[in-house]
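**Q** generate coordinates for the sequence data below:
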Amino acid sequence: MAARWNHLPPVHEDFRLPFQIGALHHIGLDFLVDPGPASRRLKKENPELEVTLFDTKACVSLNYQLYFAQFAGGGSLTQEIELNIIAHPKASSTFLPNLCYRQFAEGQDQTKLSGYWRTHVVCDSPLAIQAGKELFGEPKLPAWFETVIPSPNAAPSDAWTVTCKQAGLENGQKLVPHDKTTFSFQIDLAGVRPVPVSMAPITMYGRSPSDDNGGRTIAAPFNVCQPYLLYPLASEDEGRYKVSVVDHTNGIGADLGSLVGDAKPVGAWTYQSPPVASQHRPYYARTIE
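**A** Below is the predicted model:
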């Protein structure tokens, strides 16, 4: 049995790991929900994992990422959204600490066994879609996004608005945007006092391709090198956020209905890369009259 686990998953020659991210803007919303739908989903997609429970509740996490990466031939800007079930390997369940949601969100589980099983990932970069599927076993599909997010180059704000729209791929190489919206979410975190937390590394679970040793579970750490900000949300914060599903029939929109339903987020977390350079306001140079 030991020989089955003593090899790392293969890395295609077109890719180099670790994948280095130059800048990241990241927001997540966590929902505590009835574990039944999440457990049935895992049993169907990956029975090697089971739902992590926080005081009898499962956690479903929705997050948006905007990141920059540098390559030999230039730079790439990518946006994506993940819908995740917090889960852990059944084989390691006896090592799992008993934590409440707040302790998990603060990064107190140093085993990192509880991680993110991606039920859906939608992305606007054909290269990132290919890499996500081939390297990390992500169920990654094309989409495009309209956003209004906090930025040092705009008026001060703690509000995030993200709209996910449908897209296709032309020959697997070119994103083809469609007009139809799948879902959107918005949240204003002004006035909520954040807590710096050490969440990373975050374990991301996927499923290797079926021709690779029978489609085994793979786990990859996602390591952000600075603290996140955790925003605890209470019942009185309900007016701060809104999740609007337009397409309930399939994909990520359907799963937001079946896995999250009417649940309210219990926490939001953000990370925004600090600026590394700045171009300042010009002034009039003195001239000889």
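
**Q** shaky segments in the stretch 151-289 of the chain?
**A** 210-214 (pLDDT under 70).

**Q** please enumerate the helices of it.
**A** Counting by DSSP state H, counting those that start in this stretch, one finds helices in the stretch 151-289 of the chain at the ranges 251-255.

**Q** cool, the stretch 1-150 of the chain as well?
**A** In chain order, the stretch 1-150 of the chain shows helices spanning 35-45, 101-105, 126-136, with DSSP H, counting those that start in this stretch as the criterion.

**Q** to T249, which of those lies closest?
**A** helix 35-45 (17.0 Å; CB to CB). To be clear about C-beta, it is placed using only N, CA and C from the backbone, and glycine gets the same treatment.

**Q** and that closest one, how far out from the chain's middle?
**A** Taking the mean of its C-alpha atoms, helix 35-45 sits 19 Å from the chain's own mean (CA atoms, centre = their mean, to the nearest Å).

**Q** about what we covered before: list just the one of the helices of the stretch 1-150 of the chain that sits closest to W144.
**A** Taking CB to CB as the measure, the helices of the stretch 1-150 of the chain were each checked against W144, and helix 126-136 came out nearest at 11.7 Å.

**Q** same for the closest one, what does it pack against?
**A** Here helix 126-136 is seen to pack against strand 74-89, strand 115-123, strand 140-148, strand 217-222 when contacts are counted using 3 or more CB pairs under 8 Å, 6 or more residues apart in numbering; DSSP states H and E.

**Q** need these in TSV with mean neighbour count, can you?
**A** Formatted as TSV, the helices and strands packed on helix 126-136 follow (neighbours: other CB atoms under 10 Å):
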stretch	mean neighbour count
strand 74-89	20
strand 115-123	23
strand 140-148	18
strand 217-222	17
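
**Q** of all the helices of the stretch 1-150 of the chain, which one is nearest L8?
**A** helix 126-136 (11.4 Å).

**Q** now the angle from that closest one to strand 140-148?
**A** Inter-element angle recorded for helix 126-136 and strand 140-148: 130 degrees (by axes from the mean of the first three to the mean of the last three CA atoms, to 10 degrees).

**Q** tell me the confidence at S39?
**A** pLDDT recorded at S39 is 97.

**Q** can I get stretch 193-208 in CSV, CA atoms only?
**A** As requested, C-alpha coordinates have been extracted for stretch 193-208 and formatted as CSV (Å, rounded to 0.1, in the frame of the first residue of the first chain):
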residue,chain,number,x,y,z
ARG,A,193,-13.7,45.6,12.5
PRO,A,194,-11.4,43.1,10.8
VAL,A,195,-9.0,40.7,12.6
PRO,A,196,-5.7,39.8,11.0
VAL,A,197,-5.5,36.0,10.7
SER,A,198,-3.0,33.4,9.5
MET,A,199,-5.1,31.3,7.2
ALA,A,200,-2.4,30.2,4.8
PRO,A,201,-1.4,27.7,3.6
ILE,A,202,-4.9,26.8,2.5
THR,A,203,-5.2,23.2,1.3
MET,A,204,-6.9,22.9,-2.1
TYR,A,205,-8.3,19.5,-3.0
GLY,A,206,-8.8,18.2,-6.5
ARG,A,207,-9.1,15.0,-8.4
SER,A,208,-6.4,13.9,-10.8
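
**Q** got the buried residues for that stretch?
**A** In terms of neighbour count (16 or more other CB atoms under 10 Å), stretch 193-208 has its buried residues at P194, V197, M199, A200, I202, T203, M204, Y205, G206, R207, S208.

**Q** one more: stretch 247-254?
**A** D247, G251, I252, G253, A254.

**Q** and the end-to-end length of that stretch?
**A** Start to finish, the residues bounding stretch 247-254 are 7 Å apart (CA to CA, to the nearest Å).

**Q** gap between that stretch and the chain center?
**A** On the basis of CA atoms, centre = their mean, stretch 247-254 is displaced by 18 Å from the centre of the chain it belongs to.

**Q** start the count at 38 instead of 1 going forward.
**A** New numbering, starting at 38: the last item is stretch 284-291.

**Q** need the contact partners of it.
**A** Judged by CB atoms under 8 Å, 6 or more residues apart in numbering, the contacts made with stretch 284-291 from elsewhere in the structure are 118, 120, 156-157, 159, 178, 201, 203, 217-220, 282-283, 294.

**Q** which two among the residues you listed are spaced furthest apart?
**A** Pairwise distances across these peak at 20.5 Å for T156 and K217 (criterion: CB to CB).

**Q** so L99 bridges to which residues?
**A** Here L99 shows beta-bridge partners L66, L120, assigned using DSSP bridges.

**Q** surely it and I224 touch.
**A** No. Under the criterion of CB atoms under 8 Å, L99 makes no contact with I224, lying 10.6 Å away.
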